[in-house]
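Q: dropping the sequence and predicted coords here.
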Amino acid sequence: MNNIEKKNIAIKITIYGSIIDLLLGISKIIVGIFFFSQALIIDGIHSLSDIITDVFVIIVSKYSHDHPDDKHPYGHARFETVGTVIIGLLLIIVAVFLVKDNLDLYFSNVPASLPQWPTILIAIISIISKEWIYHKTVAVGKKIDSQLIIANAWHSRSDAFSSILVLISLIFSMLGYANMDILMAIIVSVLIGKIGWDFVWKSIVELVDTGLKKDELVEIKKIIMSIHGVKGFHHLRSRQMANKTFLDVNIEVSPKISVSEGHEIAAWVSEKLIQLLPHVHDVTVHTDIESEKIERESHVSEKESEIKLLPLRDKIEQIVKSFLNASEFDLIEEIYIHYLKGKIHLNIFIKKDTDFSSIESKLKKSDHFEKISFFTRLNQ
């Protein structure tokens, strides 16, 4: 299933949910007004607030799956996070005003009117409808592997839970406990505020790039170390974007393997993490040699001691040339350079049946190299 199909399915189920929220919200408010249930009115406002979330989900589903571009190299998932903060703040503001109004009503001397039977009917319809759309939405979320859709399903279910509380309050109110309706309205308002706070807090945690929990990191570490050729790792970092995890890690490999082998080991680390952990979306793997970690950790800070940079190939070849004459240098076919514990080791391949004793004696006069080994190719 491609991104376009996933996008269409997500939008379709969310539109169904928003239609139900609209019908329920209007019905609850009207019935609550005419049949004297403050709790049902508040629950209706809760249902209408769900439409804002539904519209947001539709917009995000349409744009958040767009491919990365020049301005957004990590994709557009953070748009979802910012939008969630805005929705959460709106829900908190609504909840504060609803709690204030109902507290004023509770402590006033105005006698409360008893709710009538139609309020119970609309509360039952709300519970059944919201539970039905919850199960449908969760099924779609699992099908297209969308945490956003699954989260929205649970948001719908919170409306069903609040309707259950309203139903209980209506029953008690009809038995003569009139103030129970207002008290339940306050509880439902607090529930709305709690949902808003959860949205805001989760999004803030994501926006400040909070890392994964310890138990999640333990699983990641096990997978990294299970890859053959990985000798260790360090600088494991994680960040989250709209329920997707992005990882950075430095793996340590033997200093005696080729660059291509190190690259392949890194590719295996990345692929296995993405394959075994569904929430991991992207992994950046840096390849270091075993001794490099030790060398770096020996420096307390950049100000106290800077890491010594060793010469690269062009400079090393110039040094080798400076100790040899032209004919001697022409006998060299390839130079393999190894940087081990801050020292340079050279593996020099020379032409077959060549007396390299003079070359060896000259190069070993240099104090640039820790070790020099000579080899010839057997298939020449």
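A: Done, it's in. Here the structure is a predicted model, which is why all the values come from computation and not from measurement.
Q: how about the strands in the stretch 101-250 of the chain?
A: Taking DSSP state E, counting those that start in this stretch, the strands of the stretch 101-250 of the chain run over residues 232-241, 244-253.
Q: want to throw those strands into CSV with distance to residue 34, mean pLDDT and mean neighbour count?
A: (Each C-beta comes from the backbone N, C-alpha and C, glycine too.) Listed next are these as CSV, based on distance: least, C-beta to C-beta, whole Å; pLDDT from 0 to 100; neighbours: other C-beta atoms under 10 Å:
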stretch, distance to residue 34, mean pLDDT, mean neighbour count
strand 232-241, 47, 84, 17
strand 244-253, 47, 89, 20
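Q: so can I have TSV of these showing distance to residue 135?
A: As requested, the strands of the stretch 101-250 of the chain are arranged in TSV below (distance: least, C-beta to C-beta, whole Å):
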stretch	distance to residue 135
strand 232-241	27
strand 244-253	25
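Q: nearest to residue 186, of those strands?
A: strand 232-241 (34.3 Å; C-beta to C-beta).
Q: that closest one to strand 244-253, inter-axis angle?
A: 170 degrees (axes from the mean of the first three to the mean of the last three C-alpha atoms, to 10 degrees).
Q: could you export strand 232-241 as CSV, CA atoms only?
A: Once non-C-alpha atoms are left out, strand 232-241 reads as follows in CSV (Å, rounded to 0.1, in the frame of the first residue of the first chain):
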residue,chain,number,x,y,z
GLY,A,232,31.1,-1.7,20.3
PHE,A,233,29.2,1.6,19.9
HIS,A,234,28.9,5.1,21.4
HIS,A,235,27.1,8.4,21.0
LEU,A,236,23.7,6.7,20.6
ARG,A,237,21.2,9.5,20.2
SER,A,238,17.4,9.5,19.5
ARG,A,239,14.7,11.9,18.6
GLN,A,240,11.0,11.6,17.8
MET,A,241,8.8,13.2,15.1
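Q: elements contacting that strand?
A: Applying 3 or more C-beta pairs under 8 Å, 6 or more residues apart in numbering; DSSP states H and E, we find strand 232-241 packed against helix 77-106, helix 179-207, helix 214-226, strand 244-253, strand 280-289, helix 290-297.
Q: got the buried residues for the fifth one?
A: Taking 16 or more other C-beta atoms under 10 Å as the neighbour-count basis, strand 280-289 is seen to contain the buried residues 280, 281, 282, 283, 285, 287, 288, 289.
Q: so which of the helices and strands packed on strand 232-241 is nearest residue 42?
A: Nearest of the helices and strands packed on strand 232-241 (C-beta to C-beta): helix 179-207, 4.5 Å.
Q: centre of the chain to the closest one, how far?
A: Distance of helix 179-207 from the chain centroid (C-alpha atoms, centre = their mean, to the nearest Å) equals 24 Å.
Q: list the buried ones in it?
A: Here helix 179-207 shows 180-189, 191-193, 195-196, 198-200, 202-203, 206-207 as buried, counting by 16+ other C-beta under 10 Å.
Q: do the same with stretch 213-233
A: 220, 223, 224, 227, 229, 230, 233.
Q: how many neighbours does the residue nearest to residue 124 when sequence neighbours are not counted have?
A: Once flanking residues are discounted, residue 124 sits nearest to residue 167: 6.7 Å by C-beta to C-beta, 6 or more residues apart in numbering. Residues lying near residue 167 (other C-beta atoms under 10 Å) number 21.
Q: so what's residue 167 up against?
A: The contact partners of residue 167, by C-beta atoms under 8 Å, 6 or more residues apart in numbering, come to 120, 123, 124, 127.
Q: which among the buried residues of stretch 213-233 gets closest to residue 357?
A: residue 229 (36.7 Å).
Q: OK, contacts around that closest one?
A: With C-beta under 8 Å, 6+ apart, residue 229 has these contacts: 253, 254, 257, 261, 265, 268.
Q: would you turn the buried residues of stretch 213-233 into JSON lines with distance to residue 314?
A: Shown next, in JSON lines, are the buried residues of stretch 213-233 (distance: C-beta to C-beta, whole Å):
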{"residue": "220", "distance to residue 314": "39"}
{"residue": "223", "distance to residue 314": "39"}
{"residue": "224", "distance to residue 314": "34"}
{"residue": "227", "distance to residue 314": "33"}
{"residue": "229", "distance to residue 314": "29"}
{"residue": "230", "distance to residue 314": "31"}
{"residue": "233", "distance to residue 314": "31"}
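Q: quick one: residue 227 from residue 247, how far?
A: 14 Å (C-beta to C-beta, to the nearest Å).
Q: what sits against residue 277?
A: 219, 220, 223, 245.
Q: can you rerun that using 10 Å?
A: 212, 216, 219, 220, 223, 245, 247, 283 (C-beta atoms under 10 Å, 6 or more residues apart in numbering).
Q: which non-adjacent residue is nearest the third one?
A: Right, the one you point to is residue 219. Closest to residue 219 by C-beta to C-beta, 6+ apart is residue 277, at 7.0 Å.
Q: do residue 21 as well
A: Distance criterion C-beta to C-beta, 6+ apart; nearest residue to residue 21, sequence neighbours excluded, is residue 50 at 4.3 Å.
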